[in-house]
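1. generate a structure from the sequence data that follows.
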Amino acid sequence: MTTDILQIEPLSSVQLPERIAALATIATDLSWSWSRNAPTMFALIDAQLWEQTGENPVALLRRVDPARLDERARDPRFLELYDAELARLAARRIGDSWFGRKYPELTAQTIAYFCAEFAVHSSVPIFSGGLGVLAGDHCKSASDLGIPLIGVGLLYAGGFFHQRIRADGWQEDHDESFVRDDSPLELLTTAAGDHSLAVVRMFDRHVHVGAWRMTVGSVAIYLLTTDLEQNHPDDRPITDKLYSGGPELRLRQEWILGVGGVRVLRALGIAPAAWHANEGHAAFMMVERLRELMANGVSGPDAAKEVRTHGIFTTHTPVAAGHDAFPEKDVAACAGPIWEEMGVSKDGLLAMGRQPGTPDGRFHMTAAAIRLSGRVNGVAARHGEVSRTLWQSMWPGRPVEQIPIGAVTNGVHLPTWMADELKALLDAHLGRDWEQRRDDAPLWETVLSLDNAALWNAHRVLKHRLVAYLREIARRRWTDPALATVRIDPAAAAQRDAGNADRALGVASSGVLFDPEALTIGFARRFATYKRADLIFRDLDRLRALVTDSRRPVQLVFAGKSHPADVPGKKVLQTVYEFTRDPSLAGRIAFVEDYDMHIAEHLVQGVDLWLNLPRVPLEASGTSGMKAALNGVPQLSTLDGWWPEAFNGKNGWAIPSAASALGASTPAEQATLDQAADAADASHLYSLLEREVVPAFYDRDIAGLPVAWLELMKQAIFVAGRFFTTRRMLQQYAADYYAPAMRGQPPAEDPPTA
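-> Okay, here's the model as predicted:
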């Protein structure tokens, strides 16, 4: 039954001059964040306040002096940008779209995209890393292409966490919260003013579920919350923190996401024709859809067939231990007595999540998602291969190459991640309409003829901006007493007083010494052990020779968070941090704390080389390298994730594969394999840097241009722009997954047995 829904807009109390009254609409539609004009427009209102609010237009409009708005309402330059933004929004609403032209018969239908986190803009910090950024880019490109998609996630009022690094290099996790009044989120409420839109039963209590709406162009993302006055005090904070607490809290969150998400969509009158679970966190969505059908009299086999026909599942995790699995007794306690509504036994329900060959009494979320989805994929060709091996047991006796798990290689949202300077360069070279023509393969080949001087000048602007940013971060560390209190212990203070201030702070403060002309290598991602952020420090003598070379110096900047519960990952981070304070490395190593989308943007646009060192085959995709490549930054990586598909010998460097990180029969054997792989990969890494990377960067022609390096940069843009964007990714999802599911085409394969 559909509920009459009203929304409470975040800027409803702000008085705007009539001429620019639609600023509220622009500010609360996050498509402004990838518009060419909107950031400049908002900065014109008050440049200092724009920076202070973290480039958040809602916060800006809530705080700006009304007199400034009155001035802008009479400013011709501002009004030109404002009118252009209104025209952009109007064109999206009335214009045709790629999806509309390709699938006109499907435009009135809807795709529901469930994910545990979404990273769209830093003003809504409800994400931890790659999965959320990918989901955000997925939604942005769906809007660009006119794909009728909606998102469903959770509103983590407490965010993920703020990272603070102690003087000894240990990561401290501080609560992160955001002011919802400063966010673009709209609170949904019933016509009677009730914030509860649906009710879910779990652990013998009824839990009310509300929702906030985040507008991302033509895509709406519904973020669920249990922080409602109707709920028991123990249930209100269920959705407060991302990936926090133990397995029981995670189970509760995933039950709310899946079951609550379906029920909220029903309350909103939304009836999706395709249901996409992005990672196993959302598998309960499929269980709830099965319950709906069976509770209405549909037989079990027919209900399962219907769910599978319209169901899509994307797995992102290449390691068995990384997939969520909960004790069956806990799932039964959470779900009970849902099986009675379905007309099955408790064991019949729990069997959906059993993985053959692992009789561990656990409900495997990925196993349930695979059983209830007719179309399953990994996120890179290599990851698809690994996933087929990982889940082969669900199809006993079938050869691994015949396991029905495909692959859609991830991409990144070009308008978000490509720097304006690069876009302007392509405007001049390809014509200002190149973004509308970027599906044409010959367009990207033209990038290979970019003017060398123009490309190098654009890159140098971005690199100087990065170095200035690192220096400003370091300056703020000195001048902010609160931050100093967090990180400086007495020993460090004494070191500072002795004149070694830079090493005393460590966090990016070595960036004060950074040389904008030196070869700068970036490494920024989640600090998990398999990503091996510390691999480059394995042979300090060889590294020291590289970074202290007076003619051809190398400098490295690191960023990233370790999961709060990942102690081994924190130890790797601590190891890396300690090297920022090593005087023998001449201040050439920097660490930027509290990694977020804003820091990521500076890094992927401003470094010279992107470093990616996962143990093969443990990297599912590696989208940070794609972001860097879009900005002309070559990558040096092991052949894992996207790199086996992307590396063409001209756009970066590849470390030859050593021993596989999978297949060991005992922990001791695994440790031996890891040690061998680390030693071999580190040796290749140093050799590539010494013999190829550094010489290519510093070899200049008579005009001072690194001609060979510029060819690498052009190839990086060509490959990433042509093949590794979410535009290409969404077009593949539409053709191979969404359109068949929306049309009700039965999957080609029978489901695996329970």
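
2. tell me the domain ranges of the protein?
-> 5-94, 107-410+732-743, 414-724 (automatic domain parsing).

3. how far does the last one stretch from one end to the other?
-> To tie it back to what came earlier, the one meant is domain 414-724. Distance between the boundary residues of domain 414-724 (Cα to Cα, to the nearest Å) amounts to 9 Å.

4. report pLDDT for residue 293.
-> pLDDT for residue 293: 97.

5. next, it: phi, psi?
-> Main-chain torsions, residue 293, degrees, to the nearest 10: phi -70, psi -50.

6. residue 307 is in contact with that one, correct?
-> Yes: counting by Cβ atoms under 8 Å, residue 307 is a contact partner of residue 293 at 7.1 Å. Quick note: C-beta positions are derived from backbone N, CA and C, even for glycine.

7. neighbour count for these two, which is higher?
-> residue 307 (26 against 18; other Cβ atoms under 10 Å).

8. list the helices and strands the helix or strand where that one lies packs on?
-> Residue 307 is part of helix 300-309 when elements are defined by DSSP states H and E. Under the contact criterion of 3 or more Cβ pairs under 8 Å, 6 or more residues apart in numbering; DSSP states H and E, helix 300-309 touches helix 284-295.

9. may I see the buried residues of the helix it packs on?
-> 284-294 (16 or more other Cβ atoms under 10 Å).

10. what lies in contact with it?
-> Identification of contacts with helix 284-295 by Cβ atoms under 8 Å, 6 or more residues apart in numbering yields 112, 114, 152, 254-255, 257-259, 261-263, 275, 277, 300, 302-304, 306-307, 311, 335, 338, 341-344, 349, 352, 365, 368-369, 372-373.

11. which among those end up buried?
-> The buried subset of the contacts of helix 284-295 (16+ other Cβ under 10 Å) comprises 112, 114, 152, 254-255, 257-259, 261-263, 275, 277, 303-304, 306-307, 311, 335, 338, 342, 344, 349, 352, 365, 368-369, 372-373.

12. residue 193 and residue 265: what is the separation?
-> Computed as Cβ to Cβ, to the nearest Å, the residue 193 to residue 265 distance reads 21 Å.

13. and the two? Which one has more around it.
-> residue 265 (23 against 8).

14. that one: what's it in contact with?
-> Residues counted as contacts of residue 265 (Cβ under 8 Å, 6+ apart) are 112, 150, 152, 222, 271-272.

15. select the longest strand from this protein.
-> strand 205-216 (DSSP state E).

16. what is that strand packed up against?
-> By 3+ Cβ pairs under 8 Å, 6+ apart, strand 205-216 packs against helix 130-145, strand 186-190, strand 198-202, strand 219-225, helix 261-267.

17. mind checking how far it is from the chain centre?
-> 22 Å (Cα atoms, centre = their mean, to the nearest Å).

18. what mean pLDDT does it have?
-> pLDDT averaged over strand 205-216 gives 97.

19. cool, and stretch 16-30?
-> Mean predicted confidence for stretch 16-30 is 95.

20. same thing with stretch 566-585?
-> Rounded mean pLDDT across stretch 566-585 is 89.

21. excluding chain neighbours, what is closest to the residue most central in space within the chain?
-> The centroid of the chain falls nearest to residue 133 when counting by Cα atoms, centre = their mean (1.7 Å). Closest residue in space to residue 133, ignoring its immediate chain neighbours: residue 119 at 4.3 Å, by Cβ to Cβ, 6 or more residues apart in numbering.

22. good, wrapping up.
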